[in-house]
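> Below are the sequence and a predicted model for it; my questions follow.
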Number of protein chains: 2
Amino acid sequence: MDNNEGFELQDFLPYLLNQAAEESSLAFQKVYKDRYGMLRTEWRVLFHLGIYGRMTAKEIGRRSKMHKTKISRAVARLQDRRFLTRTRDESDRRLEYLDLTNQGEAAYHDLRKVATGYDARLSGDFSDEELYILRNALRKLARM
Amino acid sequence: MDNNEGFELQDFLPYLLNQAAEESSLAFQKVYKDRYGMLRTEWRVLFHLGIYGRMTAKEIGRRSKMHKTKISRAVARLQDRRFLTRTRDESDRRLEYLDLTNQGEAAYHDLRKVATGYDARLSGDFSDEELYILRNALRKLARM
DNA sequence: TGTTAATGGTTGATTTTGTAACTAACAAGA
DNA sequence: TCTTGTTAGTTACAAAATCAACCATTAACA
């Protein structure tokens, strides 16, 4: 006779989501870390620029919900390693536009290929209907 | 004409899962943090002991996949704050058994109630079928 | 035994994150 | 023009996570 009124930790959505997120990030993390020495914040910034093209740190923050200090540091590191460049907006000198360098583009293409393959592998465990419901539910939970 | 071969960041499962996990953890985090000054690692340890009863740090690690240093530090903090006690196994003095104190039990019951309510709220956005598929998919992704 | 390996757990150094306070630039209204 | 407020982005310091090295104890076995 337990004391837990049927509470199951592994059904609790915040916990379950965290476990799934962590486990499913591992293999991809290994690639961007080993291959390019990147952190999670860094591949995210890289992908934002790779996918959407030139944008400001602010805009990356709006889309990714990452905090601006994380982005600021990720941008600084990516710049140090010559993955991106910054350009001041001369008409509003608070802004700076970020662009991938050729090297950044190359890393993005490489990692995007890995991500695509990895996503396909993960998706392979589910039917189309399951995937549809899963992604929809996750988007709703993530409010995006 | 883009360059991204249809890659969508917000469909990439590791990214999407992380966003959903983070967003869905926020409100619960606020409670265990504000009410008990706990960290994520600490409520997890607390819940393991609350749900499964006396166990060792090792066993918590096996179930939660948290790294042993995280657990070691969480246990130390929970002990400092009188949420649990440690007892050496005299027949194998490497092991120590962890038990919640009354105060630990009380915090667990309180937080479990919050968690249950919060989970119900999150679940409220989905049909039974969607929830079934979602939890199942997450368990598979989390390999648990 | 005695030696070596494995196990449970802790510690210290380093890295990363979070929070707040801070520039610098622009905007709005008196 | 002179506040006062807002915005984009950085920095300093504290909190937390990571990683490797470390004890103490037990196991394996020559």
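Yes, it's here. Numbering: from 1, shown residues only, chains lettered A, B, ... in the order given.

> use CA for all of it now, contacts and neighbours both
OK.

> Nearest residue to the middle of chain A?
The C-alpha lying nearest the average C-alpha coordinate of chain A belongs to A:Arg44 (CA atoms, centre = their mean; 4.0 Å).

> Check which helix or strand that residue maps to.
Taking DSSP states H and E as the criterion, A:Arg44 maps to helix A:40-52.

> got it, and A:Arg121?
In this structure, A:Arg121 sits in helix A:102-123 according to DSSP H and E.

> what does the helix or strand that that helix is followed by rub up against?
Heading C-terminal from helix A:102-123, the first helix or strand you meet, by DSSP H and E, is helix A:128-141. Contacts with helix A:128-141, where a contact means CA atoms under 8 Å, 6 or more residues apart in numbering or on different chains, come from A:123, B:11, B:13, B:16-17, B:20-21, B:23-24, B:122, B:126, B:130, B:133-134, B:137.

> Apply 10 Å and report the result again.
A:13-14, A:17, A:123-127, A:142-144, B:10-13, B:16-24, B:122-123, B:125-126, B:129-131, B:133-138 (CA atoms under 10 Å, 6 or more residues apart in numbering or on different chains).

> And it, what's buried?
Neighbour-count burial for helix A:128-141 flags A:130-131, A:133-139, A:141 (criterion: 16 or more other CA atoms under 10 Å in any protein chain shown).

> Using a markdown table, lay out these together with pLDDT and distance to B:Leu111.
Listed next are the buried residues of helix A:128-141 as a markdown table, based on pLDDT from 0 to 100; distance: CA to CA, whole Å:
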| residue | pLDDT | distance to B:Leu111 |
| --- | --- | --- |
| A:Glu130 | 98 | 32 |
| A:Leu131 | 97 | 32 |
| A:Ile133 | 98 | 30 |
| A:Leu134 | 98 | 28 |
| A:Arg135 | 97 | 29 |
| A:Asn136 | 97 | 29 |
| A:Ala137 | 98 | 25 |
| A:Leu138 | 97 | 24 |
| A:Arg139 | 96 | 26 |
| A:Leu141 | 97 | 21 |
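
> Could you list which of the residues you listed also contact DNA strand C?
Filtering those for proximity to DNA strand C by CA under 7 Å from any atom of the strand leaves nothing.

> Turn those into CSV, columns for distance to B:Gly50.
Below are the buried residues of helix A:128-141 laid out as CSV (distance: CA to CA, whole Å):
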residue, distance to B:Gly50
A:Glu130, 33
A:Leu131, 34
A:Ile133, 33
A:Leu134, 30
A:Arg135, 32
A:Asn136, 33
A:Ala137, 29
A:Leu138, 29
A:Arg139, 32
A:Leu141, 27
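
> Now flag whichever of those is closest to A:Phe83.
Nearest to A:Phe83 among those is A:Arg139, at 29.6 Å by CA to CA.
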